[in-house]
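In: Need a 3D model of the following:
(chains A and B)
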2 protein chains.
Amino acid sequence: MSTTKSDHIPRATIERLSVYLQVLENMQREGIDVISSGPLAEACDVNASQIRKDLTYFGEFGVRGVGYHVPALIQSIAKSLGVDHEWNCVLIGVGNLGKALLGHREFAKRGFHIVGAFDCDPFKIGEEFSGLEVVCTRRLKERVADLDVRIGIITTPPERAQRAANHLVEAGIRGILNYAPARITVPEKVHVEYVDFFHHLYSLTFNISTRSS
Amino acid sequence: MSTTKSDHIPRATIERLSVYLQVLENMQREGIDVISSGPLAEACDVNASQIRKDLTYFGEFGVRGVGYHVPALIQSIAKSLGVDHEWNCVLIGVGNLGKALLGHREFAKRGFHIVGAFDCDPFKIGEEFSGLEVVCTRRLKERVADLDVRIGIITTPPERAQRAANHLVEAGIRGILNYAPARITVPEKVHVEYVDFFHHLYSLTFNISTRSS
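Out: Numbering: from 1, shown residues only, chains lettered A, B, ... in the order given. Here you go, the predicted structure:
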């Protein structure tokens, strides 16, 4: 439950934690208050011993013979992941995907507020999408300073991703979610996550191809 | 280079292969014909011995003291991943994100053709987006039979994801790309990939939170 302990949570566990969190939140919506590791593991598509091992990072939430207390476990996982509070984000690249994300209700529902939309296209600057006025990317740094923003979302075409990343780094952003199908280079202190649709599509085609052959 | 060999490629390698492919394609666009493992590894953000090991699955493409022949390596990786030919896809859920994906030029560029758009909302049925008419999800099976479709993309709200998956499975779809923030259950022969934005956001918040503390 302590943050010191979460420093040592391995990356693979973090990935599973976000799945557990999603499944537990669904359970909570369905009114489930206590869940044992068996059904929880099944719903999360992992084995029960794995889930028990992962959850030991959060102290003793399991009650032997009863199960896990859903709201307490949600709160504890959320705290460890840093999502027990709200996060302000900015988005660079107001194309189709950018607009879709600006209008995606799940972001705000989960505490991620997109508070700024940036683009370098003069035809887009000044237009409004989902209540946000598109601002010139050159003004990113001053805007980020005004708001408490720590996450940048890149939805530019691939050839503009690095420039967008440079703007975010210069503005002091600590984490980047990159939807552009391009690798970007940033200083070590900045964390980048790639939302790469094609990586997932390639996994599908690989699996379909090898399984059918 | 043989498909028999690719059957044994581990999942982690597949994930890296899609990164190598992306980086190599960028290099090809920039006119680079031969690349040695050092700079290739750096561009892909992996170590050189890892890349050499991964590429052994594709036979001997490296020429000692020279490097890898970019076009041959691209072709070979693409073949192993099953993306040396085109794939037809259908999409269920024509909301903001669905529309953005229908208009996303990278899909067709990389050989993924969305040939059908489905929704159960009577107000959307018959509307046209990016040249595709939205069709009632109940008609998915007949449409899939007409076209050579093997991949289904789910962009519904979370509570409708399972129903969408059921339709896809019933229509004989072999691979599902699920953008809805919900776990889905499908028969073992169907492969599911989750494009989970929040999993990536949680990795960011976790990293930002633990590194700043």
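In: Assign the residue nearest to A:D148 when sequence neighbours are not counted to helix, strand or coil.
Out: Spatially, and ignoring its direct neighbours in sequence, A:D148 is nearest to A:N88 (5.4 Å; CB to CB, 6 or more residues apart in numbering or on different chains). Bear in mind the C-beta positions are built from the backbone N, C-alpha and C, glycine included. Taken by DSSP: H, G, I helix; E, B strand; the rest coil, the conformation at A:N88 corresponds to strand.
In: Can you spell out which residues form a bridge with A:N88?
Out: A:H113, A:V149 (DSSP bridges).
In: mind checking the SS state of the spatially most central residue of chain A?
Out: Centroid-nearest residue in chain A, with CA atoms, centre = their mean: A:L177, separated by 7.6 Å. Look at A:L177: counting by three-state DSSP, its state is strand.
In: can you pull the contacts of the residue nearest to A:N178 when sequence neighbours are not counted?
Out: Take A:N178 and drop its neighbours on the chain: the residue closest to it by CB to CB, 6+ apart is A:I154, 4.6 Å away. With contact set as CB atoms under 8 Å, 6 or more residues apart in numbering or on different chains, A:I154 has these partners: A:91-93, A:161, A:164-165, A:168, A:176-180, A:184.
In: of all those, which comes closest to chain B?
Out: A:L177 (5.7 Å; CB to the nearest CB).
In: hang on, the closest one packs against B:H199?
Out: No - with contacts counted by CB atoms under 8 Å, A:L177 stays clear of B:H199, the gap being 10.8 Å.
In: Could you find the closest non-adjacent residue to the residue nearest to the centre of chain A?
Out: A:I153 (4.8 Å).
In: what are the ranges of the strands in chain A?
Out: A:34-35, A:62-63, A:67-69, A:87-92, A:112-119, A:128-129, A:132-136, A:149-154, A:175-178, A:191-194 (DSSP state E).
In: for the fifth one, what is the average pLDDT?
Out: Looking back up the chat, that one is strand A:112-119. In this model, strand A:112-119 has a mean pLDDT of 96.
In: buried set for that strand?
Out: Going by neighbour count (16 or more other CB atoms under 10 Å in any protein chain shown), the buried part of strand A:112-119 is A:112, A:114-119.
In: Also near chain B: which of the residues you listed, exactly?
Out: Filtering these for proximity to chain B by CB under 8 Å from any CB of the partner chain leaves A:F112.
In: elements contacting the helix ranked longest in chain A?
Out: Counting residues, the longest helix in chain A under DSSP state H turns out to be helix A:11-29. Using 3 or more CB pairs under 8 Å, 6 or more residues apart in numbering or on different chains; DSSP states H and E, the elements in contact with helix A:11-29 are helix A:37-44, helix A:48-55, helix A:70-81, helix B:197-212.
In: Just send those helices back as TSV, with mean neighbour count too.
Out: What follows is these, written out as TSV (neighbours: other CB atoms under 10 Å in any protein chain shown):
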stretch	mean neighbour count
helix A:37-44	17
helix A:48-55	16
helix A:70-81	20
helix B:197-212	21
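In: could you dump those to a markdown table with distance to B:L81 and mean pLDDT?
Out: Below are the helices and strands packed on helix A:11-29 laid out as a markdown table (distance: least, CB to CB, whole Å; pLDDT from 0 to 100):
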| stretch | distance to B:L81 | mean pLDDT |
| --- | --- | --- |
| helix A:37-44 | 27 | 88 |
| helix A:48-55 | 28 | 86 |
| helix A:70-81 | 31 | 90 |
| helix B:197-212 | 22 | 84 |
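In: which residues are contacting the longest helix of chain A?
Out: Helix A:11-29 is contacted from outside by A:9, A:35, A:40, A:43-46, A:50-51, A:54-55, A:57, A:70-71, A:73-74, A:77-78, A:80-81, A:83, B:158, B:181-183, B:196, B:198-199, B:202-203, B:206, using CB under 8 Å, 6+ apart.
In: Buried residues of that helix, list them for me.
Out: A:13-14, A:16-27.
In: For the buried residues of strand A:112-119, give me JSON lines that also has distance to B:G131.
Out: Below are these laid out as JSON lines (distance: CB to CB, whole Å):
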{"residue": "A:F112", "distance to B:G131": "32"}
{"residue": "A:I114", "distance to B:G131": "29"}
{"residue": "A:V115", "distance to B:G131": "34"}
{"residue": "A:G116", "distance to B:G131": "32"}
{"residue": "A:A117", "distance to B:G131": "27"}
{"residue": "A:F118", "distance to B:G131": "29"}
{"residue": "A:D119", "distance to B:G131": "25"}
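In: Quick check: of the buried residues of strand A:112-119, which lies closest to chain B?
Out: Nearest member of those to chain B, counting by CB to the nearest CB, is A:F112, at 6.0 Å.
In: Show the contacting residues for the closest one.
Out: Taking CB under 8 Å, 6+ apart as the test, what A:F112 contacts is A:86-87, A:89, A:151, B:201.
In: and those, which are buried?
Out: Using 16+ other CB under 10 Å as the burial test, those include A:87, A:89, A:151, B:201 as buried.
In: so how far is A:F198 from the third one?
Out: Spelled out, it's A:I151. Counting by CB to CB, to the nearest Å, the gap from A:I151 to A:F198 is 23 Å.
In: Out of the helices and strands packed on helix A:11-29, flag the one nearest A:A108.
Out: A:A108 lies closest to helix B:197-212 among the helices and strands packed on helix A:11-29, at 12.2 Å (CB to CB).
In: near chain A, anything from the closest one?
Out: Yes - judged by CB under 8 Å from any CB, helix B:197-212 comes into contact with chain A at B:197-212.
In: neighbouring contacts of that helix?
Out: Residues outside helix B:197-212 that contact it (CB under 8 Å, 6+ apart): A:3, A:6-7, A:9, A:11, A:14-15, A:17-19, A:21-22, A:80-83, A:87, A:106-107, A:110, A:112, A:150-151, A:174-177, A:189, A:191, A:193-195, B:181.
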